[in-house]
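1. Need the 3D shape of this:
(chains A and B)
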Amino acid sequence: MAEFLQFVFSGLTVGAIYALVALGFTLIYNASRVVNFAQGEFVMIGGVATAVLHTAGLPLLVAAAGAVAIAGLAGFLLHQFAIKPARDASIAALIIITMGASLLLRGLTQLVVDKQIHSIPAFSGEATIEVLGATLQPQTLWVIGGSIVVLAMLQFLLNRTLVGQALQAVAANPLAARLVGIKVSAMLALAFVISAVIGGVGGVLVTPITLTRYDVGTVLALKGFSAAMVGGMGSPLGAVIGGLFVGLLESFGAGYVSSTYKDAVAVIAMLVVLMVAPRGLIGHRSAERV
Amino acid sequence: MKKQVRYAIAAALVAATSIAITPAQAEIRIGAIFSVTGPAAFLGEPERRTVELYVDRINTAGGVNGEKIKLIAYDDGADANKARLLAQRLIDDDKVVAIIGSTLTGPSLAIGSVASEAKIPVMALGGGVPIAEPVKPWVFKVGHTDRMICQKIFGELQARKLTKIGLVAGTDAFGNSMRNECLKQAKTHDITIVVDERHGPQDSDITPQLTNVRSAAGLQAVVHTGFGETATIFARNYRQLGITVPLYESAGVAAPNYIKLTGAAAEGVRLPAPAVLVYDQLAKDDSQYKVVTDYAKAYQAKYNEPASQFGGFAYDALHMLVMTYQKNKTTDPAKTRETLEAIGPYVGVTGTFNFSAKDHLGLDLSSFRMVEVSGGSFRLKN
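-> Numbering: from 1, shown residues only, chains lettered A, B, ... in the order given. Got it, this is the predicted structure:
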């Protein structure tokens, strides 16, 4: 029983990290149908910048706020200088642009900061929480809490506000959106900034567990992308459920099946899910909104 | 008349080129390839810096046999194909008499095959045993191997009568290679591996694997192929699960940054480490005392960061070459190769080298020191 619970805790820890990364994909996808492969770099910037500013002597909270602002600025610049000039390009071309942007951000961090591993202290200390013989790092609760807060805010933004409706309208039909008076370019810029901020917040929350370095974005983006696909791309709730699902799969795979084939277990399970439900666990049932 | 002018110009050109060439022959051209960018950048950077620092020092002190060393250094970005091309360029265009490099095993093997064909000696810095086994006449390996890490750890485990161990290895190249060596060495050291687990090189939580390790019957110690951020996560998860048996890490964590990142969870971790990591704790009569202390201080003074074992490999590669040139009074590659095979004992930063025709590794286990993390720093155990 203690073993089972430990695997669950591990799955939740890893899953919450994936969920937080996956949440960053949803807004840009909802506004443009583009999967932003620089999302992992926003997470990296959040972590690395916090570590650097904190080491330089700023209090953790100020350093974190600064790092999130830097991530948001990176998102804005990415839109202004890479996405906006190519706004008439196909979605595939835009996705490739985001891949290029991720390389650029990684290279810049390597030059401006360094190639070393960085860490920041856990928010509530390192003393582990024990439940029925299984243990949990307190930071995990911060990550899970962060995912829930971001999820709630995204749900509210997308479904209950005019801005959220406008974002979805831009994705559904840019021309029609423009005709009814929505500033398409401003909406997209907003989506990039908010996504980058979500990534930055995620970076701040997960770094005490995962540590960070200029090149961690790739793996995080890949795992977050799988989580988002499994949950249903574009749905904030799907991102969280997908993240936890992938995390638990990896944990049970490593614990009960074989740690050598842990990643294979997770990938196979994801393939099965996508074959049974191609739109993900919480995917939109209707393909087109009319 | 016109013809005479042409001849004159031609003659002048020939004279000019021969003047330009002559000084170039009065220098020792040594090639170097390191992985200064890419995933091994944190290893390749101190290697390049060390060689640059000491080539400068040697030249300032008058060079070797009155000739200055000309260092031609390239970056392979941890790519074996690139390393092969660069080695070809060093030999064909730069006309070097020896090559130092590269940082990783793959690129080192690639350079070795190119240089062997051209009969140019290579001082390889990669960690893998295949670089020097079987022996390739023109390739010398400078540095520790993962086999030595396993031997050193298992030697101490035997002495402490801890023979039932858990082995946890990363699925990266270093983890795979060290795991294979440890599995082989376990047999000859009477070590029983009661649990054998793996983790990904970028996993953020290793508690499921460690839960299985914890519940293994008769567990007396754990050996981990630690490297990079997973070594820190591993130690934290180890303490989180309350595992109390001794934890042995690989030499891959032998850097101050490991303790800084891991904090209290690193306390009590033991690992085989190079002398340079604990240079300030070496006994004054230690054979490596002088060379290690001098190097550590010089590097720290020049670059304002602590010296590493990897820089030490590069230091030894350069100095062994210089030593043979001084002995031979020539840089003839064939003579260099012969002298290198009889160089022992050369006491360097890495350890005491004794190359021979049958052994191009030349290091024994005394080059590793067992250290323990205690009170936030590495303490020498033996």
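2. What would stretch A:73-91 look like as CSV? C-alpha coordinates only.
-> C-alpha atoms of stretch A:73-91 as CSV (Å, rounded to 0.1, in the frame of the first residue of the first chain):
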residue,chain,number,x,y,z
LEU,A,73,8.4,40.2,-22.7
ALA,A,74,10.0,37.3,-24.6
GLY,A,75,6.5,36.2,-25.6
PHE,A,76,5.6,39.7,-26.8
LEU,A,77,8.8,40.0,-28.8
LEU,A,78,8.4,36.6,-30.3
HIS,A,79,4.9,37.6,-31.6
GLN,A,80,6.0,41.1,-32.8
PHE,A,81,9.2,40.0,-34.7
ALA,A,82,8.5,36.4,-35.8
ILE,A,83,4.8,35.6,-35.9
LYS,A,84,3.3,39.0,-36.9
PRO,A,85,5.5,39.5,-40.0
ALA,A,86,4.5,36.0,-41.1
ARG,A,87,0.8,36.2,-40.3
ASP,A,88,-0.3,35.1,-43.8
ALA,A,89,1.8,32.0,-43.7
SER,A,90,0.3,28.6,-43.1
ILE,A,91,-0.1,27.1,-39.6
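3. Centre of the chain to that stretch, how far?
-> In terms of CA atoms, centre = their mean, to the nearest Å, the centre of stretch A:73-91 is found 19 Å from the chain centre.
4. Contacts for that stretch, please.
-> Under the criterion CB atoms under 8 Å, 6 or more residues apart in numbering or on different chains, residues A:32-34, A:38, A:41-42, A:45, A:93-94, A:97-98, A:100-101, A:105, A:185, A:188-189, A:192-197, A:199 lie in contact with stretch A:73-91. Every residue, glycine included, has its C-beta placed from N, CA and C.
5. So which of the residues you listed sit within helices?
-> Judged by DSSP state H, those include A:32, A:41-42, A:45, A:93-94, A:97-98, A:100-101, A:105, A:185, A:188-189, A:192-197, A:199 as members of helices.
6. about what we covered before: buried ones among the contacts of stretch A:73-91?
-> For these, a burial check counting by 16 or more other CB atoms under 10 Å in any protein chain shown picks out A:32, A:34, A:38, A:41-42, A:45, A:94, A:97-98, A:101, A:105, A:185, A:188-189, A:192-197, A:199.
7. Next, the contact list for residue B:174, please.
-> Contacts of residue B:174 (CB under 8 Å, 6+ apart): B:127, B:146, B:225, B:227, B:250, B:252.
8. so the third one sits right up against residue B:180, yeah?
-> So the one you mean is residue B:225. No: Residue B:225 is beyond contact range of residue B:180, at 10.3 Å (criterion: CB atoms under 8 Å).
9. who's more crowded, those two?
-> residue B:225 (30 against 15; other CB atoms under 10 Å in any protein chain shown).
10. Mind listing what's buried along stretch A:135-154?
-> Those would be A:135-137, A:139-144, A:146-147, A:150-151, A:154, for stretch A:135-154 by 16+ other CB under 10 Å.
11. Among those, which one lies nearest to residue B:239?
-> residue A:135 (9.6 Å; CB to CB).
12. Which pLDDT does the model give residue B:2?
-> Predicted confidence (pLDDT) at residue B:2: the value is 57.
13. An error on my part: the question was meant for residue B:258.
-> Here the pLDDT value assigned to residue B:258 is 89.
14. Check which helix or strand it maps to.
-> With elements taken from DSSP states H and E, the one containing residue B:258 is helix B:256-262.
15. Residue A:110 now?
-> Using DSSP H and E, residue A:110 falls in helix A:91-112.
16. Quick check: can you name the pairing partners of the very next helix or strand once past that helix and their directions?
-> As assigned by DSSP H and E, the chain's next helix or strand after helix A:91-112 is strand A:129-131. Sheet pairing of strand A:129-131 (DSSP bridges) gives strand A:134-136 (antiparallel).
17. can you list contacts of the partner strand?
-> By CB under 8 Å, 6+ apart, the list of residues contacting strand A:134-136 reads A:2-3, A:5-6, A:8-9, A:13, A:128-130, B:207, B:240-242.
18. Residue A:39 contacts residue A:227, correct?
-> No: using CB under 8 Å, residue A:39 is not in contact with residue A:227, being 11.6 Å away.
19. Contact residues of the stretch 1-150 of chain A facing chain B?
-> Neighbours of chain B within the stretch 1-150 of chain A, by CB under 8 Å from any CB of the partner chain: A:3, A:6-7, A:9-10, A:13-14, A:17, A:115-119, A:126, A:128, A:135, A:137.
20. Filter these down to the buried ones and hand me the ChimeraX line.
-> Here is the ChimeraX command that picks out the buried ones among these, judged by 16+ other CB under 10 Å:
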select /A:3,6,7,9,10,13,14,17,115,117,118,119,126,128,135,137
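21. Am I right that residue B:372 is in a strand?
-> Yes: assessed by DSSP: H, G, I helix; E, B strand; the rest coil, residue B:372 belongs to a strand.
22. Quickly note the distance from it to residue B:283.
-> As judged by CB to CB, to the nearest Å, residue B:372 and residue B:283 stand 17 Å apart.
23. Residue B:336 too?
-> For residue B:336, the distance to residue B:283 - CB to CB - is 34 Å.
24. residue contacts, residue 138?
-> No chain was given, so I picked chain A. So residue A:138 contacts A:122, A:123, A:124, A:125, A:126, A:127, A:128, A:129 (CB under 8 Å, 6+ apart).
25. um, chain B though
-> B:112, B:115, B:116, B:119, B:120, B:121, B:122, B:337.
26. Which parts of the stretch 151-300 of chain B are helices?
-> Using DSSP state H, counting those that start in this stretch, the helices of the stretch 151-300 of chain B run over residues B:173-188, B:207-214, B:229-240, B:256-262, B:289-303.
27. would you list the ones you listed in CSV and tack on distance to residue B:376?
-> Converted to CSV, these look like this (distance: least, CB to CB, whole Å):
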stretch, distance to residue B:376
helix B:173-188, 26
helix B:207-214, 24
helix B:229-240, 14
helix B:256-262, 6
helix B:289-303, 19
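28. Between helix B:207-214 and the lowest-mean-pLDDT helix or strand in chain A, find me the angle.
-> Here the helix or strand of chain A ranked lowest by mean pLDDT, DSSP states H and E is helix A:262-276, holding a mean of 82. Angle between the axes of helix A:262-276 and helix B:207-214 is 130 degrees (criterion: axes from the mean of the first three to the mean of the last three CA atoms, to 10 degrees).
29. any bit of helix A:262-276 sitting next to chain B?
-> Yes: on the criterion CB under 8 Å from any CB, helix A:262-276 is in touch with chain B at A:262, A:263.
30. Can you give me the distance of residue A:141 to chain B?
-> 14 Å (CB to the nearest CB, to the nearest Å).
31. and that residue, what element?
-> Going by DSSP H and E, residue A:141 is part of helix A:138-160.
32. re earlier: could you export the contacts of residue A:138 to JSON lines, including columns for distance to residue B:157?
-> Formatted as JSON lines, these follow (distance: CB to CB, whole Å):
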{"residue": "A:122", "distance to residue B:157": "33"}
{"residue": "A:123", "distance to residue B:157": "38"}
{"residue": "A:124", "distance to residue B:157": "37"}
{"residue": "A:125", "distance to residue B:157": "34"}
{"residue": "A:126", "distance to residue B:157": "29"}
{"residue": "A:127", "distance to residue B:157": "31"}
{"residue": "A:128", "distance to residue B:157": "28"}
{"residue": "A:129", "distance to residue B:157": "33"}
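33. Among the residues you listed, the buried ones, what's the ChimeraX command?
-> The buried residues among the contacts of residue A:138 can be selected in ChimeraX (16+ other CB under 10 Å) with this line:
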select /A:122,126,128
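34. Could you point out which of the contacts of residue A:138 is nearest to chain B?
-> residue A:128 (4.9 Å; CB to the nearest CB).
35. now the closest residue in space to that closest one that isn't next to it in sequence: how far from residue B:340?
-> Ranked by CB to CB, 6 or more residues apart in numbering or on different chains and with sequence neighbours excluded, the top spatial neighbour of residue A:128 is residue A:135, at 4.4 Å. Residue A:135 is 54 Å from residue B:340, where distance means CB to CB.
36. what's near enough to touch residue 28?
-> Unless you meant another one, I'm taking chain A. A:34, A:35, A:36, A:39, A:191, A:192, A:195.
37. please go with chain B instead
-> Residue B:28 neighbours (CB under 8 Å, 6+ apart): B:63, B:64, B:67, B:68, B:69, B:70, B:97, B:325, B:331.
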